[in-house]
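Participant: Prediction below, plus the sequence it came from.
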Amino acid sequence: MKPILTLLYCLAISIVTQAQIPVLLDTDANNELDDQHAIAYMLFNNDVFDIVGITVNATNNGGGIDQHMEEALRVVQLCGYQDKVKVVPGASKDYQEILPDLDKPNFDGNKAVDFIIRAAHEQENRKLVVVPIGTLTNVALALAKDSTIAPLIRVVWLGSNWPEKGEYNLINDTTAINPVIENRQLELEICTVRYGEPSGTAAVDVSVSEIRQKMEGLGPSLDAPVSGRHGGKFSTFGDYSIELFENIGDERRSLFDVCALAVVKDPRWAKPVKVPAPKLVGDGWVEQPQNSHHIIFWEHFNRDAILTDFYKSMQQQ
């Protein structure tokens with residue numbers, strides 16, 4: 001995207017962000033540790049985000065849907081939002097596996113799919129921003145069940161190594177990708193990951209020692225401590241954050257998922273690239289330069305700005 005177009009795009013988004021942004025977060029919360037920090041970041045930015053709710057999906061790591069739900073609920077409770085934000089279970093299987101059962105009342109993921117559809121229609125003159133930070137399964141199913149929501153939502157997905165192949169969220173349900181990308185009525189943006197590269201969300205990384213220094217005791221303090229995923233009892237999200245980092249097994253870890261919410265909050269913190277919508281074949285991309293349908297890929301995330309805002313959001317609670 002040319003610099004003048006980038007500026008115009010950011011200005012257009014900034015006009016929208018002057019009012020609260022209705023956000024629905026879709027997460028595989030028990031996967032590693034970035035989902036938990038994204039949930040906390042959203043909840044602690046409730047002056048910017050009108051938090052519609054949280055839907056959950058299961059990916060290969062972290063167990064079944066019940067365990068992903070348990071972790072999402074744990075973080076919501078640690079942030080002091082257990083009675084304020086609805087957390088809804090979603091899909092365990094792939095989009096293509098579930099699609100034939102979509103007309104049945106209790107198909108896999110029905111609660112999350114129906115919640116997304118209902119939330120999209122309830123926004124009146126506002127566009128619901130759906131932020132999937134796991135697979136695109138719940139979103140693809142919602143669009144398949146009710147195509148009228150496409151112009152009512154903006155999807156900002158954390159996924160893919162575009163233009164290179166692979167990436168965890170993508171490979172966990174490749175069948176959901178093309179149905180979403182090919183929807184011409186849908187406003188779709190994808191935050192690239194690009195492991196080991198400076199241009200994707202992988203570059204927004206922090207060390208265990210930095211988390212120990214920055215996060216201790218941050219967030220509201222609960223009267224009744226909450227049991228952690230790896231054991232122990234925690235009264236603040238900040239202390240749980242430290243525990244998550246200490247148990248992940250790496251000295252540095254990326255806060256991939258936080259970046260998707262960060263660019264919704266302030267699009268100046270990354271660079272949008274508008275391209276003719278590509279097609280996924282296997283786990284790799286096939287460019288379609290003649291395609292008149294365009295989507296946005298976000299890249300070159302401002303690590304310092306995003307992390308500064310993340311810590312500031314934690315400290316204000």
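Facilitator: Yep, it's here. All values reported here derive from a predicted model rather than from experimental measurement.
Participant: Can you give me every residue that contacts the residue nearest in space to the middle of the chain?
Facilitator: The centre of the chain sits closest to Ile133, judged by CA atoms, centre = their mean, with a distance of 2.9 Å. Residues in contact with Ile133 (CB atoms under 8 Å, 6 or more residues apart in numbering) are 25-28, 34-35, 38, 157-158, 169, 256-257, 260. (Glycine included, C-beta is placed from N, CA and C.)
Participant: what's the answer for Ser292, then?
Facilitator: Ser292 makes contacts with Pro276, as judged by CB under 8 Å, 6+ apart.
Participant: what about it, which SS state?
Facilitator: coil (DSSP: H, G, I helix; E, B strand; the rest coil).
Participant: What are the phi and psi values at it?
Facilitator: phi -80, psi -10 (degrees, to the nearest 10).
Participant: Can you read off the pLDDT for it?
Facilitator: Per-residue confidence at Ser292 stands at 98 (pLDDT).
Participant: Which stretches in the stretch 51-200 of the chain count as helices?
Facilitator: All helices of the stretch 51-200 of the chain, identified by DSSP state H, counting those that start in this stretch, fall at 65-78, 95-98, 110-121, 137-145, 168-171, 177-181.
Participant: which one of those helices lies closest to Phe245?
Facilitator: helix 65-78 (14.2 Å; CB to CB).
Participant: for that closest one, what is the average pLDDT?
Facilitator: Mean predicted confidence for helix 65-78 is 98.
Participant: Buried residues, that helix. List them.
Facilitator: Ile65, His68, Met69, Glu70, Glu71, Ala72, Leu73, Arg74, Val75, Val76, Gln77, Leu78 (16 or more other CB atoms under 10 Å).
Participant: so can I have a markdown table of those showing distance to Ser292?
Facilitator: Below are those laid out as a markdown table (distance: CB to CB, whole Å):
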| residue | distance to Ser292 |
| --- | --- |
| Ile65 | 38 |
| His68 | 38 |
| Met69 | 40 |
| Glu70 | 44 |
| Glu71 | 41 |
| Ala72 | 38 |
| Leu73 | 43 |
| Arg74 | 45 |
| Val75 | 41 |
| Val76 | 42 |
| Gln77 | 47 |
| Leu78 | 46 |
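Participant: what's the most distant pair in these?
Facilitator: Using CB to CB, the buried residues of helix 65-78 span at most 20.4 Å, a distance reached by Ile65 and Leu78.
Participant: Bridge partners for Phe49, pull those for me.
Facilitator: Counting by DSSP bridges, Phe49 is bridged to Ile21.
Participant: State the pLDDT value of it.
Facilitator: The confidence metric pLDDT takes the value 98 at Phe49.
Participant: Now do the same contact list for it.
Facilitator: Going by CB under 8 Å, 6+ apart, Phe49 touches Gln20, Ile21, Pro22, Val23, Met42, Leu261, Val264, Lys265.
Participant: let's go with 6 Å and repeat that
Facilitator: Ile21, Val23, Met42 (CB atoms under 6 Å, 6 or more residues apart in numbering).
Participant: pLDDT and neighbour count for these - can I get that in CSV?
Facilitator: Output for the contacts of Phe49, formatted as CSV (pLDDT from 0 to 100; neighbours: other CB atoms under 10 Å):
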residue, pLDDT, neighbour count
Ile21, 98, 22
Val23, 98, 24
Met42, 98, 29
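Participant: just these now: which is nearest Val113?
Facilitator: Relative to Val113, and with distances defined as CB to CB, the nearest of the contacts of Phe49 is Val23, at 17.7 Å.
Participant: Find me whatever residue is spatially closest to Asp28, sequence neighbours aside.
Facilitator: Once flanking residues are discounted, Asp28 sits nearest to Gly134: 3.3 Å by CB to CB, 6 or more residues apart in numbering.
Participant: ok, now which ones touch the one you found?
Facilitator: Applying CB under 6 Å, 6+ apart, one finds that Gly134 lies in contact with Thr27, Asp28, Asn57, Thr59, Asn169.
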